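Undergrad: compute the structure for the input listed below.
(chains A and B)
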2 protein chains.
Amino acid sequence: MHLVYLVASVFQTPAASAPGMNDGRVYLWIAIAVALVALALAALLARAVIAADSGTAEMQAISNAIREGAEAFLKRQYQTIGAIALVLAVLLFVGYHLSPRTAPFAGKTVISFLVGAVCSGLAGFTGMYCSIRANIRAASAARTSLDRALRLALRGGAVTGLVVVALSLLGVSALFLLFGGLDHPQAVPFQLVGFGFGASLVALFAQLGGGIYTKAADVGADLVGKVEAGIPEDDPRNPAVIADLVGDNVGDCAGRGADIFESTAAENVGAMILGAALYPVFGLKGILFPLIVLAINLIASIIGVFVVSTNETEDPMRALNRGFYVTSLLALAGFGAAVYGMLSGPGVAPLWLFGCGVVGLVTAFLFVWITQYYTEAKYRPVMSIVKASLTGPATNIISGLAVGMETPAMPVVVISAALLLSYYFGVQGLAGVDSVSNFAKGIYGTAIATMGMLSCAAYILAMDTFGPITDNAGGIIEMSEHEGVVRDRTDKLDSAGNTTKALTKGYAIGSASLAAFLLFSAYLEEIKTLVVAKLDVAHAAGLATSMPVNWSFNNINLAQIPVFVGALLGAMLTYLFSSLAIKAVGRTAQMVVEDVRNQFRENPGIMLGTSKPNYARCVNIVTSAALKEMVVPGLLAVGLPVAVGFIFKHFSQSYQANASLDSAGAALVPMISGQAVNLAGAEAVAGLLMVGTISGVLLAMLMNNGGGAWDNAKKYIETGQYGGKKSDAHKAAVVGDTVGDPFKDTAGPSLHVLIKLLATITLVLAPLFV
Amino acid sequence: MHLVYLVASVFQTPAASAPGMNDGRVYLWIAIAVALVALALAALLARAVIAADSGTAEMQAISNAIREGAEAFLKRQYQTIGAIALVLAVLLFVGYHLSPRTAPFAGKTVISFLVGAVCSGLAGFTGMYCSIRANIRAASAARTSLDRALRLALRGGAVTGLVVVALSLLGVSALFLLFGGLDHPQAVPFQLVGFGFGASLVALFAQLGGGIYTKAADVGADLVGKVEAGIPEDDPRNPAVIADLVGDNVGDCAGRGADIFESTAAENVGAMILGAALYPVFGLKGILFPLIVLAINLIASIIGVFVVSTNETEDPMRALNRGFYVTSLLALAGFGAAVYGMLSGPGVAPLWLFGCGVVGLVTAFLFVWITQYYTEAKYRPVMSIVKASLTGPATNIISGLAVGMETPAMPVVVISAALLLSYYFGVQGLAGVDSVSNFAKGIYGTAIATMGMLSCAAYILAMDTFGPITDNAGGIIEMSEHEGVVRDRTDKLDSAGNTTKALTKGYAIGSASLAAFLLFSAYLEEIKTLVVAKLDVAHAAGLATSMPVNWSFNNINLAQIPVFVGALLGAMLTYLFSSLAIKAVGRTAQMVVEDVRNQFRENPGIMLGTSKPNYARCVNIVTSAALKEMVVPGLLAVGLPVAVGFIFKHFSQSYQANASLDSAGAALVPMISGQAVNLAGAEAVAGLLMVGTISGVLLAMLMNNGGGAWDNAKKYIETGQYGGKKSDAHKAAVVGDTVGDPFKDTAGPSLHVLIKLLATITLVLAPLFV
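TA: Next up is the predicted model:
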């Protein structure tokens, strides 16, 4: 606690020097400065990584092939996404011009949308640029020292982490400044929703395309290589092997980067909107608070990354965890200082608000722990799959699905407790403030918890990107036929990388579910603002309007048919979207299988090892197919909420509750010319958003954890237990692992992104639903 | 339409003879009379079936073994359920006595609970009593004529259908009469909610226990028989073969009977509660309308069953469908007549209300059609699984899961359309009535649609029970080693039975999702009544109370934390419950496998065919295990809503929205002594109920249709396509079929029951949440 007060005094200095409601502008400059410094540091880090030794010529040949494949995919992917984004930008512009009320905001919304999309793309690109170069350096370093290899891989990953978080911070801060946020702090946050939507859109397609690519290549390579040709994984004779390694980068690395970028962007904008609702209490500082939390996140993560080192005998996971603990502690201290420095005022009890942040961080820890429980072989769930493998693939699958369906239970209890506690803390923390409703206080508490949970995102992302880097490093070492201690080192790193990948998935879904509530609330806040504006316009035009006292749009009534139908459709969307994603993997994998079969037939020298397979042809095929396949599920995700909003806006007057009257005969809903303002469209969309989120979170947990459990059950058998490799139990476990692949690496992570896309698209299109 | 008017004139006669608000008492007597006549007819039908020839001594030996096993299971199962029900009855009695407001209703609630439970048990028992006797008669008849076998099997099934619907009708009508419904028609429907809960409780355990039994025996018998010992299905040397055949009866037959009993009971009571809300419009007739619809259902179904006959060459499915069409047409005509006769009055446009019923029937047809599309081999989905089987079990499973996840899409659109249309028709149909809100009008429209959908339930149930009867008949013929034309006949019947089983599952889930909205609304209505009573009591005690004008409890606001948390927990419950059910099957199947292995080892004569296996030992083992395994998921389903209601009632004052004031300074929520009545418990439970229902419906569709598709993909390959039996594709398809078994026959159907249990338990316990 001492540390907190110490740092708090630093924060309080600038605030004290500029009194009045708008004190705290300096925080915006601090945020921008920290973001720029972090970007510079990321550049230095990248240079240091790239300057490291890049191994033998043979290793470089493999690494170059991966790099070319990944860059080619990313280039074509961004072209496709860019085209879609431009079309959407035009539609957005036209849509906002449909009504004179929204027309003035069309330009700003489209600009922030495009900036968000470009920043997200840039973050994904630079992150991958560095990690596909770090993989070979880590492999080369592994020839001499585990510590050096570990640090190289983590720093390579840190570039992604820093760039993602810093660009998100910079983008939001710069737009806030540009749009005049310092002069109109309450209005501008609403104009930033386009940023979140742009980020989400890119993230959705990046994760979908990458996810389809990586698993199609993986499943295809395995089916035709391991099963048909009987050659081991990562064997250089397999024409799909490079495509498989490329997949690790474009799926896990670029995809997850876009995912976390979207999380921080959406959470940022959402929290600023809620901060605007609390403007009477905290002034500008409450709006800028989320930016400062991200800045703290960056500083803590940088220190955390530099703390990590290991020796030849230690489990690399322990070293990575040390860095995580350091980051978390620093983030917590900084968070506390920021709360005390920025969220204070008459009637405010900052300790309670700091408590919200602690709830968020604890939630993050619990999610990571639960994910471990369900996906590591030392606990009951994975062992139940291992045992079921003894009676064949059917029982393996049944018990894997049973494990998957069990997984949401604990996280749901944790999230429920986190929501209840942080809401309660929020109400208590602002108990002395009279100008704000309990609801707004509590919701702000959940927003602080979300920021707490995301306050070590950059380090988590560095750990996550560590995964594909070490995976690739292992592949390069294997393909260039190194043996002995070098292989042991990369195996150790690879195994740590697998763990971090699983854990960050748990973290991502946890933050998505906590952030969801914040984003719902931002949506409700925005609709309220829009209705008030609509009434003002009508009033100015001479129409009779009436606005009930204390009215706010916080009523998403499931007992109303439009809301219930929206809810049904939202839940259905998550199933259909998953189905499309999984089928896309199946179809694309089939094309890989056919190409590999063709290559083996056309060139028998491949299997003899006398001639090289045509890696690039296979890479090209997967690239085209994955990009084609990502379009339909992506457009479904974008189109359904829009369709629901429009249909219910225009055809639903009969489904409105009667505009009942209060004891004085005044209407209880906003009215224009004696007609209740039709909110059925906005309500149906909210139902879709909320229940779609619940269903998506649960389904994603099922798929992520089920997939992870299958994977580790197979790996456990491969250690020689229950018959070991090539036993019947192993064959059964391989079936489970293959089923789990599109679950955990395509559909599951795409659902994370979908959830946030639903939130941001409803925020952006809210003006069209009222 | 002429038919409608003709029958309507019959209906109108009694109403015309007794004017005033309470005219229509005669309908209660009509309902009771029809129920008694249907029961008498069912008894005659049962006698006629039992009087038929029961085949050779060998066939009788097998049939007796099945009968003994089934009856032994049912006896022990009802003992366990009875013990649980008695404990719950005591708890219910004590719980209602916790508050002086609810104490007066304790007796009636417990009585109706016990009557519901006993009726449900009785319906299950008599239905199964007849079908385990019909199986051998159908088998025997198949030795001479397909037509006779078909009619015997359908009439055996019809006993179940009639007994289930008639007992449901009789139970509700008798309790209504007994509790003084003719004198207090608006109050008594609320006192019947115990009946629905009793029915649900028995149904939950019957379906869970039976579902676990049937699939554990099936999977266990297959794993050890087909896979390990290499003997065909239904081979008499397999010690688990009788357990498998017993399972068909206790799972499919008794379980589905309890399921439909619960549907009709819950829908009946829910519709009567909504009818009570419309008492000012329709009087007693609106409350009795659902009873008359069930009576029509019975009459139409009896005629439909007697219409069915076939010849040697026809597809039996066509004959069954003819009966279905006749039943539907008669039900529609009767429905129209009942609407015109009972739901008329000043300002009412009966044509619109009849339209609601048509919407319900069309929904039933569409659900059945969609189920066919997803589970029959002539359409894309099953064929995609067939093709995926060529590349092994992993791709078979992946594509089956993808199909399963796709299945909710169309049904959700259909249900959404049905809800919107019937709500709209309801509003239009009552447009001229001023005393009722649009919301109540629309909701009543959806209730009429639900009644329309359930108006051929008895015939559907007869078709469904036809499934296990013909399945068993086939088994008996196979085990008693008949060949040639007899086998062909039973195979044809068996195949038709498989189709009807799948279709009725689609029907059951469709009616459950439509009925859900009706039950939500009944719950809201009940909470409102309870709050009004609470204020009255407080007022009588001299406390200051205030009730806002036009207040009603129809606000389940997802944006409130308690509701959202309830929603999260409700969705989670459906996953955890499914996981527990699936794991129970796995564990029980393992015990079967071990017993069969032991029997083979202890007595080598079994495999040689020289000595008989100990069928009874295996039956005993499955019985004990299934009963043990059903307890935990069952209690979870009962306990979670209760826990949520209690916790939020007692610890949630801080999560209440501020009691905001209207323009005259009056409170907008009911208040006692200046404190808002705490409705957080009731709201959280509603969130759990609604989102739990949505999630349960979707998950059940995934599992039912996915399972059905896997099953038929395997059967398609067995016809000789894509390699035929014993090919690798077939092996892969067998894996998929085995995975689908606990999905479609244990977890999926149990979810149907769970959904309705959630609705009835919240109705019964509502007084404890306010």
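Undergrad: helices along the stretch 151-300 of chain A, start to end?
TA: Along the stretch 151-300 of chain A, the stretches classed as helices by DSSP state H, counting those that start in this stretch are A:188-191, A:193-222, A:241-247, A:254-277, A:279-282, A:284-307.
Undergrad: hmm, who's touching the first one?
TA: Helix A:188-191 is touched from outside by A:105, A:108-109, A:112, A:175-176, A:179-181, A:269, A:272-273, A:275-276, A:287, A:526, A:529, with contacts defined as Cβ atoms under 8 Å, 6 or more residues apart in numbering or on different chains. Every C-beta, even on glycine, is put in place using the N, C-alpha and C of the backbone.
Undergrad: possible to save the helices of the stretch 151-300 of chain A as TSV with distance to A:Ser99?
TA: What follows is the helices of the stretch 151-300 of chain A, written out as TSV (distance: least, Cβ to Cβ, whole Å):
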stretch	distance to A:Ser99
helix A:188-191	16
helix A:193-222	17
helix A:241-247	45
helix A:254-277	21
helix A:279-282	26
helix A:284-307	27
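Undergrad: got JSON lines for these, with mean pLDDT too?
TA: Listed next are the helices of the stretch 151-300 of chain A as JSON lines, based on pLDDT from 0 to 100:
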{"stretch": "helix A:188-191", "mean pLDDT": "88"}
{"stretch": "helix A:193-222", "mean pLDDT": "88"}
{"stretch": "helix A:241-247", "mean pLDDT": "85"}
{"stretch": "helix A:254-277", "mean pLDDT": "85"}
{"stretch": "helix A:279-282", "mean pLDDT": "86"}
{"stretch": "helix A:284-307", "mean pLDDT": "93"}
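Undergrad: for B:Gly634, find the nearest of those.
TA: Checking the helices of the stretch 151-300 of chain A against B:Gly634 by Cβ to Cβ gives helix A:193-222 as the closest, at 38.2 Å.
Undergrad: quick one: that closest one to chain centroid distance?
TA: 11 Å (Cα atoms, centre = their mean, to the nearest Å).
Undergrad: please apply the same query to stretch A:620-629.
TA: Relative to the centre of its chain, stretch A:620-629 is centred 23 Å away, using Cα atoms, centre = their mean.
Undergrad: verify the stated contact: A:Ser416 with B:Gly570.
TA: No - at 11.2 Å, A:Ser416 does not count as touching B:Gly570 under the criterion of Cβ atoms under 8 Å.
Undergrad: between these two, who's got more neighbours?
TA: B:Gly570 (28 against 20; other Cβ atoms under 10 Å in any protein chain shown).
Undergrad: nearest residue to that one in space, please, no chain neighbours.
TA: B:Gly692 (2.9 Å; Cβ to Cβ, 6 or more residues apart in numbering or on different chains).
Undergrad: average pLDDT across whichever helix or strand the one you found is part of?
TA: If you go by DSSP states H and E, B:Gly692 is part of helix B:680-718. Average pLDDT, helix B:680-718: 91.
Undergrad: check which element follows that helix along the chain.
TA: Heading C-terminal from helix B:680-718, the first helix or strand you meet, by DSSP H and E, is helix B:728-742.
Undergrad: check whether that following helix contacts chain A.
TA: Yes - Helix B:728-742 is in contact with chain A by Cβ under 8 Å from any Cβ of the partner chain, via B:734-735, B:738-739, B:742.
Undergrad: name the member of those residues that has the highest neighbour count.
TA: Among the residues of helix B:728-742 next to chain A, the one with the most neighbours (other Cβ under 10 Å) is B:Pro742, at 30 neighbours.
Undergrad: list the contacts of the residue of the stretch 101-250 of chain A found nearest chain B.
TA: Nearest residue of the stretch 101-250 of chain A to chain B: A:Leu223, at 6.1 Å (Cβ to the nearest Cβ). Contacts for A:Leu223 (Cβ under 8 Å, 6+ apart) come out as A:589, A:593, A:738, B:391-392, B:394-395.
Undergrad: closest to B:Ser301 out of these?
TA: B:Thr395 (43.4 Å).
Undergrad: so the residue nearest to B:Gly570 sits right up against B:Leu576, yeah?
TA: No - contact criterion Cβ under 8 Å: B:Gly692 and B:Leu576 do not qualify, at 11.1 Å.
Undergrad: those two - which one has more neighbours?
TA: Neighbours around B:Gly692 and B:Leu576, counted as other Cβ under 10 Å, are more numerous at B:Gly692. The numbers are 31 against 22.
Undergrad: quick one: residues contacting that one.
TA: For B:Gly692, the contacting residues are B:567, B:569-571, B:573-574, B:755, B:758, by Cβ under 8 Å, 6+ apart.
Undergrad: adding secondary structure, distance to A:Leu170 and pLDDT, write those out as JSON lines.
TA: What follows is those, written out as JSON lines (DSSP: H, G, I helix; E, B strand; the rest coil; distance: Cβ to Cβ, whole Å; pLDDT from 0 to 100):
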{"residue": "B:Ala567", "secondary structure": "helix", "distance to A:Leu170": "37", "pLDDT": "94"}
{"residue": "B:Leu569", "secondary structure": "helix", "distance to A:Leu170": "39", "pLDDT": "95"}
{"residue": "B:Gly570", "secondary structure": "helix", "distance to A:Leu170": "41", "pLDDT": "95"}
{"residue": "B:Ala571", "secondary structure": "helix", "distance to A:Leu170": "37", "pLDDT": "95"}
{"residue": "B:Leu573", "secondary structure": "helix", "distance to A:Leu170": "43", "pLDDT": "96"}
{"residue": "B:Thr574", "secondary structure": "helix", "distance to A:Leu170": "43", "pLDDT": "95"}
{"residue": "B:Ile755", "secondary structure": "helix", "distance to A:Leu170": "49", "pLDDT": "90"}
{"residue": "B:Leu758", "secondary structure": "helix", "distance to A:Leu170": "48", "pLDDT": "90"}
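Undergrad: buried only: go through the residues you listed for me.
TA: Buried subset of the contacts of B:Gly692 (neighbour count, 16 or more other Cβ atoms under 10 Å in any protein chain shown): B:567, B:569-571, B:573-574, B:755, B:758.
Undergrad: could you check how many residues crowd around the nearest residue to A:Gln186 once chain neighbours are set aside?
TA: Excluding the flanking residues, the one nearest A:Gln186 by Cβ to Cβ, 6+ apart is A:Ala276, at 4.5 Å. A:Ala276 has 23 neighbouring residues, counting by other Cβ under 10 Å.
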